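Asker: predicted structure and sequence below. I'll ask about it afterward.
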Amino acid sequence: LKGIELQTGSFTLRQIKDATNNFDAANKIGEGGFGPVYKGILADGKEIAVKQLSARSKQGNREFVTEIGMISALQHPHLVKLYGCCIEGNQLMLIYEYLENNSLARALFGPEEFQLTLDWPTRRKICIGIARGLAYLHEESRLKIVHRDIKATNVLLDKNLDPKISDFGLAKLDEEDNTHISTRIAGTYGYMAPEYAMHGRLTDKADVYSFGIVALEIVSGTCNTKHNRVKKESFYLLDVAHTLKQEGNLLDLIDPRVASHCNAGEAMVMVDVALLCTNPTAAARPSMSMVVSVLEGRASVSDILTDSSIYASKFDAKKLYGRVEGNDAENNSQVKSMLRDGQWTLASST
């Protein structure tokens with residue numbers, strides 16, 4: 001973070017206590033990677049989300065300072081905006097914009113009473129927005145950043161249902177002289193690229209893979225991972241997509257809620273892009289800027305095909321993640337619990 005000036009506001013603990021009614025439990029809206037997240041209202045009426053660092057958090061002060069530095073350097077319509085921070089006594093907090101429509105995960109496949117009606121144009125807009133945000137992180141910002149934990153719970157929706165990527169607590173700075181970062185595994189199984197899940201090898205192409213999974217979820221309206229504890233079976237959306245492609249029935253992947261009024265051509269482009277993004281060979285995955293071009297119709301799917309860009313028909317997501325299904329099932333149940341409780345989640349539940 002050398003040379004980066006923090007363009008963030010400084011809040012006093014008194015301001016934050018007043019805004020959250022002294023961290024009233026009624027204002028708690030989620031549990032993030034750092035700790036609890038509270039909704040608050042500042043004296044000027046502005047709504048905020050306060051991410052409070054938990055003493056028992058897996059993340060510590062170093063990560064906290066890193067997050068402040070990174071997010072303060074980033075300004076983009078599809079990234080959650082950081083208003084400032086509060087560092088007072090033993091209190092460490094980040095103050096974000098508050099987003100009214102919770103997470104993409106809850107909107108698509110949360111409890112029925114919390115689901116939102118997302119028509120096809122809205123889903124396409126959300127998918128393109130996420131892609132734009134990632135393209136900015138990877139290619140356009142002053143810092144080259146790998147998010148590491150792109151998933152539907154880490155995409156928040158504002159009042160206009162525009163998507164914003166959240167939770168940079170897991171993000172890493174990719175220094176210019178490094179082509180990859182070998183680091184501890186910090187993503188979410190089911191969304192993690194094979195080379196990252198198995199070898200801890202991290203590049204921006206790991207985010208591309210995760211985006212591909214989220215794109216499939218947007219088209220299908222179905223969570224990537226499902227677990228049947230009775231039958232002890234797991235379901236991976238990526239495997240289903242490959243099976244349907246081999247059978248020539250990819251249209252069956254479209255969410256029945258939008259199938260009747262969906263632009264089938266646009267949906268197939270999104271699925272084709274998703275399958276290319278989830279290629280098991282990292283180098284064969286497209287850049288996010290190219291993904292944006294294809295999704296917006298300025299380029300075709302064939303433009304991002306390479307010799308190694310074959311649809312990975314032999315890739316078995318269930319087999320890859322099978323050895324960690326126990327952990328994944330636990331993580332998935334935590335997410336489901338959070339969605340069921342109707343909590344607005346600013347950050348990853350893992």
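Answerer: Looks like it arrived, so ask away. Since the model is a prediction, treat every value here as computed from it, not as a measurement.

Asker: confirm residue 219 sits in a helix?
Answerer: Yes: per DSSP: H, G, I helix; E, B strand; the rest coil, residue 219 lies within a helix segment.

Asker: that one: neighbouring residues, count only.
Answerer: Residue 219 is flanked by 26 other residues according to other CB atoms under 10 Å. Where C-beta positions appear, they are placed from N, C-alpha and C, glycine not excepted.

Asker: all the strands of the stretch 1-150 of the chain, in order from the start?
Answerer: 9-10, 28-31, 36-41, 47-52, 82-88, 91-97, 145-146 (DSSP state E, counting those that start in this stretch).

Asker: would you list these in JSON lines and tack on mean neighbour count, mean pLDDT and distance to residue 245?
Answerer: Shown next, in JSON lines, are the strands of the stretch 1-150 of the chain (neighbours: other CB atoms under 10 Å; pLDDT from 0 to 100; distance: least, CB to CB, whole Å):
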{"stretch": "strand 9-10", "mean neighbour count": "12", "mean pLDDT": "75", "distance to residue 245": "49"}
{"stretch": "strand 28-31", "mean neighbour count": "20", "mean pLDDT": "84", "distance to residue 245": "36"}
{"stretch": "strand 36-41", "mean neighbour count": "21", "mean pLDDT": "93", "distance to residue 245": "39"}
{"stretch": "strand 47-52", "mean neighbour count": "22", "mean pLDDT": "91", "distance to residue 245": "39"}
{"stretch": "strand 82-88", "mean neighbour count": "19", "mean pLDDT": "83", "distance to residue 245": "40"}
{"stretch": "strand 91-97", "mean neighbour count": "21", "mean pLDDT": "85", "distance to residue 245": "39"}
{"stretch": "strand 145-146", "mean neighbour count": "23", "mean pLDDT": "86", "distance to residue 245": "28"}
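
Asker: can I get the ones you listed in TSV including distance to residue 287?
Answerer: Shown next, in TSV, are the strands of the stretch 1-150 of the chain (distance: least, CB to CB, whole Å):
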stretch	distance to residue 287
strand 9-10	34
strand 28-31	32
strand 36-41	32
strand 47-52	30
strand 82-88	26
strand 91-97	28
strand 145-146	13
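
Asker: which one, of those, ends up nearest to residue 117?
Answerer: strand 28-31 (22.0 Å; CB to CB).

Asker: re the thing from before, how about the strands of the stretch 1-150 of the chain, which one is nearest residue 138?
Answerer: Between residue 138 and these, the shortest separation by CB to CB is 7.2 Å, and it involves strand 145-146.

Asker: just the strands in the stretch 151-300 of the chain please.
Answerer: Listed in chain order, the strands of the stretch 151-300 of the chain (DSSP E, counting those that start in this stretch) span 155-157, 163-165, 172-173, 181-182, 201-202, 225-228, 233-236.

Asker: packing partners for the fifth one?
Answerer: Okay, so that is strand 201-202. Applying 3 or more CB pairs under 8 Å, 6 or more residues apart in numbering; DSSP states H and E, one finds that strand 201-202 contacts strand 181-182.

Asker: wait, residue 52 sits on residue 93?
Answerer: Yes: in this structure, residue 52 is within contact of residue 93 by CB atoms under 8 Å, at 5.1 Å.

Asker: mind listing the residues bridging to the residue lying closest to residue 129 once chain neighbours are set aside?
Answerer: Among residues not flanking residue 129 along the chain, residue 163 sits closest, at 4.1 Å (CB to CB, 6 or more residues apart in numbering). The partner list for residue 163 in beta bridges (DSSP bridges) reads residue 157.

Asker: do you know which of the strands of the stretch 1-150 of the chain lies nearest residue 129?
Answerer: strand 91-97 (15.3 Å).

Asker: adjacent strands (with direction) for the closest one?
Answerer: strand 47-52 (antiparallel), strand 82-88 (antiparallel).

Asker: need these in TSV with distance to residue 115, can you?
Answerer: Converted to TSV, the strands paired with strand 91-97 look like this (distance: least, CB to CB, whole Å):
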stretch	distance to residue 115
strand 47-52	21
strand 82-88	29
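
Asker: low-confidence bits of the stretch 51-200 of the chain, can you list those?
Answerer: The model of the stretch 51-200 of the chain has pLDDT under 70 over residues 54-67, 69-70, 168-186.

Asker: quick one, helices of it?
Answerer: For the stretch 51-200 of the chain, applying DSSP state H, counting those that start in this stretch gives helices covering 61-72, 104-109, 120-135, 194-199.

Asker: show me the protein divided up by domain.
Answerer: 9-97, 104-340 (automatic domain parsing).

Asker: on that earlier part again, pretty sure the residue nearest to residue 129 is touching residue 156, no?
Answerer: Yes: with contact defined as CB under 8 Å, residue 163 reaches residue 156; the gap is 7.1 Å.
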